[in-house]
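In: Fold the following.
(chains A, B, C and D)
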Protein chains: 4
Amino acid sequence: MSGGFDYGRLIVRGADRPGIVASVSGALTEHGANILALDQSSSDPEGGRFFQRTVFQLPGLASRIDELDAALEARLGEELGLDFRLVEVRRRKRVGIFVSRADHCLLDLLWRQRRGEIDMTVPMVVANHPDLGDDVRQFGIPFFHVPVARDDRAETEKEQLNLLKGNVDLLVLARYMQILSGDFLDELGVPVINIHHSFLPAFMGANPYQRAKERGVKLVGATAHYVTEQLDEGPIIEQDVIRVSHRESARELRRKGADVERQVLSRAVSWHCDDRVVQDGNTTVVF
Amino acid sequence: MSGGFDYGRLIVRGADRPGIVASVSGALTEHGANILALDQSSSDPEGGRFFQRTVFQLPGLASRIDELDAALEARLGEELGLDFRLVEVRRRKRVGIFVSRADHCLLDLLWRQRRGEIDMTVPMVVANHPDLGDDVRQFGIPFFHVPVARDDRAETEKEQLNLLKGNVDLLVLARYMQILSGDFLDELGVPVINIHHSFLPAFMGANPYQRAKERGVKLVGATAHYVTEQLDEGPIIEQDVIRVSHRESARELRRKGADVERQVLSRAVSWHCDDRVVQDGNTTVVF
Amino acid sequence: MSGGFDYGRLIVRGADRPGIVASVSGALTEHGANILALDQSSSDPEGGRFFQRTVFQLPGLASRIDELDAALEARLGEELGLDFRLVEVRRRKRVGIFVSRADHCLLDLLWRQRRGEIDMTVPMVVANHPDLGDDVRQFGIPFFHVPVARDDRAETEKEQLNLLKGNVDLLVLARYMQILSGDFLDELGVPVINIHHSFLPAFMGANPYQRAKERGVKLVGATAHYVTEQLDEGPIIEQDVIRVSHRESARELRRKGADVERQVLSRAVSWHCDDRVVQDGNTTVVF
Amino acid sequence: MSGGFDYGRLIVRGADRPGIVASVSGALTEHGANILALDQSSSDPEGGRFFQRTVFQLPGLASRIDELDAALEARLGEELGLDFRLVEVRRRKRVGIFVSRADHCLLDLLWRQRRGEIDMTVPMVVANHPDLGDDVRQFGIPFFHVPVARDDRAETEKEQLNLLKGNVDLLVLARYMQILSGDFLDELGVPVINIHHSFLPAFMGANPYQRAKERGVKLVGATAHYVTEQLDEGPIIEQDVIRVSHRESARELRRKGADVERQVLSRAVSWHCDDRVVQDGNTTVVF
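Out: Have a look, this model is predicted:
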């Protein structure tokens, strides 16, 4: 779904009201854009929230995007009170990845990026352990080892921010087993996606696969979500599960869990990079 | 997703060209309609096919629909060369059902209709066997037994058409084990949905479950599609599968197959009744 | 997988040790039984738990079952310290069903029973609301309305026990929205299966579908489990999920949830009736 | 489920008759083996086929396996007319892989092997194109390029057989786009597993994804099977599907198909390496 040089995407979000779709479509068309795809959703016909994702073609988009942005700001922002985001498709999102020791999510992302399945560039991988350096560099991607100072998390986060700031449009926690502070998230200023295992019912605390096994759980799953200060609590982008049985040990549950994790994370990152995910408060719309 | 008295749906289909979305949205908005939901799809940015489904609210729709229809005919039909269909949501589709002896698909449809899960009315069930009469009449629905004359199919179809003509907007073959002629389909003049079992790979001929068993098949499935003169060959609306193992006999495969069949058929009928399925040549777009 | 008059099932559970499979198989074979199917599982090769389900054929089983039971008690019980259960296949389990107002789980069970998909009899349905009486009696099954006395739950449970005691081998809570006391469970003395909706992550409290919607949940599911005094906490028999999207309202999530609930409950009850579920502490083995 | 030095597996297959399970279990137990897991299946209680997979522990297995094999041959082979296979778990299967240009199935296998998820060694990868050499050698695995001589397939197969003979216990066709002759299969003398895409309904001929797209297919899938002389026709080991929609181009269907292919093939190879797949005529039993 990549698209050529003159392709753009317009993401709109705000309070619903009559006539928004026509207004947004009209604003693009008046500026010479040809709408190629349009998805729209309203949370509720009365007093709900409005979401729209439009893909369009506009000859000379790169040189005209500032002018279009200003026009949309006047029409959609000031007049209609909507949030919007205007994106050139040719500018791939720059995705930084944080890892610890587990390689399954990381390698799935890098491998799909190389195959052209995720429309992103990966300017760096940052890890609190050195183990995955060789794997990363084989893909021609810089790997930075930033050990976590147990007594000075602020120092660690400062070093991480020095690497990331200005260089990434998205940060992905690909089984990064450290909590990030609210200050870090504020200072970073780009979205952060996390993956974690999921069970029905949920099992809190250490070794959830063992506890799932003890309860006779028949499905293990994973959830990809945007990170907020409440760890494992942000808006959900994607989820999936896989069937397990009593024949499988807790270790085998963990393996199957790893398989779901990498698929769910890769889907979530791909959709984010295609601007298909609109976050709104604590929920998401995935077009 | 029902919607009240003033709700309408507009389904548009045709050759894609720049500006169609804005034209269609504009035409509705100019007539005072408030667009509640809009889905649009293009098969190809260059020279492809265009599809749009719009749900709108228009005060006094029932009395203004003819006027709106005429206006759209001028704008979308004559000017832009598009096919369109304008529907009042409050007019539920009238769905006739053909059955033979198997009850699983029939009962699932009737039960969901009663629960309000499928937005349809069922004016009649027509069967070539008398077995299911009591089950149908318990739902307060007329049941007609039209035996199939082996030597005079034309006579049978004539009798069926007498019952159906003018009384149904859709015919559903809920495991109706007879072939319908092209003449019947032409004369009936409303869409017909069929359900049949599906395997990977396909097994032709009699007793496919036994043959699937012999090949060690691990999935059995079902396909719901619009009926064309080529039986089991029309545009696909919905498909699903269920996992099976060597522990299950051919008879148990058939049971699991029946479970998938009723789910797939009920979904397909529900989507059709919500005007979410757009047929185009031999393919479908399901919004 | 029903089987004829001379078919039996032997379920064995206990501390694992070398040679158990051969001992159990040998004990059956020595008494003239022909083993038709055998499933065995060990939770851990060292010091784990042992489970075995054996289906066998023994001419004249009905008249010889007491003798076989005594022989197995000596060999498996006293000698090897194992729990075991010996069952005649021809004796279908008698399943009582508790409901409130929701019909989806109840009707799915009754319909599958009628089709021969669940190998059980249903001697009674007991409800705390009168609404579903007609539906139940159409299946030829007695329906008893036992209103729940808000101030005297003990009285209600006494009345329920009077109906159930001695008449059922299993109690199924098919969306019965009342908590049962530990005393009730003890006094009843047969297993109880419950169904409840499940989410990843779990949402506690009232209106979980609304809260799942607010978090942007992508899967809704259901869990069938044996009831213990901790409501919604017993050993899990079966689970499944269905995919949902932002297009669906909380009401539509509830509908899809109902679809998963009835499938999961019907599977769990069917497996229980075939003696395929072995409960062990807080976990289950499902053969 | 790997297991230590003294672990063995016994796979038995043949005409069913009373008492086989007890005989097989007894034969192992008499020789001092401790049965850890036992799966048994009969295709039909009367005159069907019998299958059993037993995992056992026997101190000093490596030095006693010949003696055990001889004893089982007398008891199971000569006396009962059964086929059996006795395997030491510590001897991992040696798996040769054939590829062409597509890397997805190959890399998934190599990566899982490295992570310990598939219990195999990979002595060589043989390709008819040179493209994947670097990828393979990064895993420390030999890569041989054997171009396919269009006019002399026999010569090509001879060269392939020289590499494989005596060095592999299984050959996996990981998207190897060439047909192997019956002579090659006979001469090779080890099982061969192939993966191919699957649709409901099946689409024959070139470019099946395009044709699936044109028919509005909602599921794309893959089938892993043992290779027989009839290409794409051997006994099925595993199958799976993934949901697609009209929004996806034929190219995107192909990507999703590739995702299913690699999962299905990796599962099939893993199960084969754990001796969980018993082939019998044109069907399989997967324990």
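In: so who does A:Asp167 touch?
Out: Rather than Asp, residue A:167 is Asn. Listed by Cβ atoms under 8 Å, 6 or more residues apart in numbering or on different chains, the contact set of A:Asn167 reads A:94, A:96, A:123-124. (C-beta placed from N, C-alpha, C; glycine too.)
In: Show the pLDDT at it.
Out: Here, the pLDDT recorded for A:Asn167 equals 97.
In: Make sure it is indeed in a helix.
Out: No: assignment of A:Asn167 by DSSP: H, G, I helix; E, B strand; the rest coil gives coil, placing it outside any helix.
In: Do the longest helix along chain A and chain D come into contact?
Out: Assignment by DSSP state H gives helix A:250-273 as the longest helix of chain A. Yes: applying Cβ under 8 Å from any Cβ of the partner chain, one finds helix A:250-273 touching chain D at A:252, A:255, A:259, A:263.
In: Also within reach of chain B: list those from the residues you listed.
Out: Of these, not one also sits near chain B (Cβ under 8 Å from any Cβ).
In: Which of these sits closest to chain D?
Out: Checking the residues of helix A:250-273 next to chain D against chain D by Cβ to the nearest Cβ gives A:Arg255 as the nearest, at 5.9 Å.
In: Isn't the closest one up against D:Ile118?
Out: No: using Cβ atoms under 8 Å, A:Arg255 makes no contact with D:Ile118, being 10.7 Å away.
In: Which one's more surrounded, these two?
Out: A count of neighbours by other Cβ atoms under 10 Å in any protein chain shown puts D:Ile118 above the other of A:Arg255 and D:Ile118, at 25 against 17.
In: any idea how far chain C is from that one?
Out: Between D:Ile118 and chain C the computed distance is 21 Å (Cβ to the nearest Cβ, to the nearest Å).
In: where does that residue land in three-state SS?
Out: Here D:Ile118 is coil, with the state taken from three-state DSSP.
In: Just the pLDDT for it.
Out: For D:Ile118, pLDDT reads 96.
In: so it sits right up against D:His272, yeah?
Out: No: the pair D:Ile118 / D:His272 is not scored as a contact, 9.5 Å apart, by Cβ under 8 Å.
In: which residues touch the residue of chain A most remote from its centre?
Out: The centre of chain A is farthest from one residue, A:Arg247, which by Cα atoms, centre = their mean lies 34.8 Å away. Shown in contact with A:Arg247 (Cβ under 8 Å, 6+ apart): C:Ser41.
In: What's the local residue count around A:Asp134?
Out: 10.
In: Helix or strand: which one has it?
Out: Assigned by DSSP states H and E, A:Asp134 belongs to helix A:133-137.
In: Output the contacting helices and strands for the longest helix of chain A.
Out: On a contact count with 3 or more Cβ pairs under 8 Å, 6 or more residues apart in numbering or on different chains; DSSP states H and E, helix A:250-273 meets strand A:93-99, helix A:104-115, strand A:170-173, strand A:192-199, helix A:208-215, strand A:219-226, strand A:236-243.
In: Return the lowest-mean-pLDDT helix or strand in chain A as PDB; C-alpha atoms alone will do.
Out: Using mean pLDDT, DSSP states H and E, helix A:208-215 stands out as the lowest-scoring helix or strand of chain A, at a mean of 83. Only the C-alpha atoms of helix A:208-215 are listed here, as PDB (Å, rounded to 0.1, in the frame of the first residue of the first chain):
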ATOM      1  CA  PRO A 208       2.700 -15.700  34.200                       C
ATOM      2  CA  TYR A 209       3.100 -18.700  31.900                       C
ATOM      3  CA  GLN A 210       3.700 -21.000  34.800                       C
ATOM      4  CA  ARG A 211       0.500 -19.700  36.500                       C
ATOM      5  CA  ALA A 212      -1.400 -19.900  33.300                       C
ATOM      6  CA  LYS A 213      -0.300 -23.600  33.000                       C
ATOM      7  CA  GLU A 214      -1.500 -24.200  36.600                       C
ATOM      8  CA  ARG A 215      -4.900 -22.900  35.800                       C
END
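In: anything in it near chain D?
Out: No: Helix A:208-215 stays clear of chain D (Cβ under 8 Å from any Cβ), getting no nearer than 14.3 Å.
In: Which strands or helices does that helix pack on?
Out: With contacts taken as 3+ Cβ pairs under 8 Å, 6+ apart, helix A:208-215 sits against strand A:192-199, helix A:250-273, strand C:283-286.
In: To B:Arg9, which of those lies closest?
Out: Closest approach to B:Arg9 among the helices and strands packed on helix A:208-215 is made by helix A:250-273 (27.7 Å; Cβ to Cβ).
In: tell me which residues in the closest one are buried?
Out: A:252-273 (16 or more other Cβ atoms under 10 Å in any protein chain shown).
In: What are the structural domain limits within chain A?
Out: What automatic domain parsing lists as the domains of chain A is A:7-88, A:93-286.
In: possible to save those domains as a markdown table with distance to D:Thr283?
Out: Shown next, in a markdown table, are the domains of chain A (distance: least, Cβ to Cβ, whole Å):
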| stretch | distance to D:Thr283 |
| --- | --- |
| domain A:7-88 | 45 |
| domain A:93-286 | 22 |
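In: Spell out which residues of chain A are next to chain C.
Out: The interface of chain A toward chain C, taken as Cβ under 8 Å from any Cβ, is made up of A:41, A:43, A:198-202, A:213-219, A:221, A:223, A:232, A:235-241, A:245-247, A:282-286.
In: Show me which of these are buried.
Out: Among the residues of chain A next to chain C, those scoring as buried are A:41, A:43, A:198-202, A:213, A:215-219, A:221, A:223, A:232, A:235-241, A:246-247, A:282-286 (criterion: 16+ other Cβ under 10 Å).
In: Skipping its backbone neighbours, what lies nearest A:Gly237 in space?
Out: Just to correct that, residue A:237 is Ile rather than Gly. Closest residue to A:Ile237 apart from its sequence neighbours, by Cβ to Cβ, 6 or more residues apart in numbering or on different chains: A:Ala268 at 4.1 Å.
In: Show me where chain A dips below the pLDDT cut-off.
Out: Where chain A drops to pLDDT under 70, the residues are A:1-4, A:45, A:201-205, A:231-232.
In: Write out the residues of it neighbouring chain D.
Out: Within chain A, the residues that sit near chain D (Cβ under 8 Å from any Cβ) are A:1, A:103-104, A:107, A:111, A:115, A:117, A:138, A:249, A:252, A:255, A:259, A:263.
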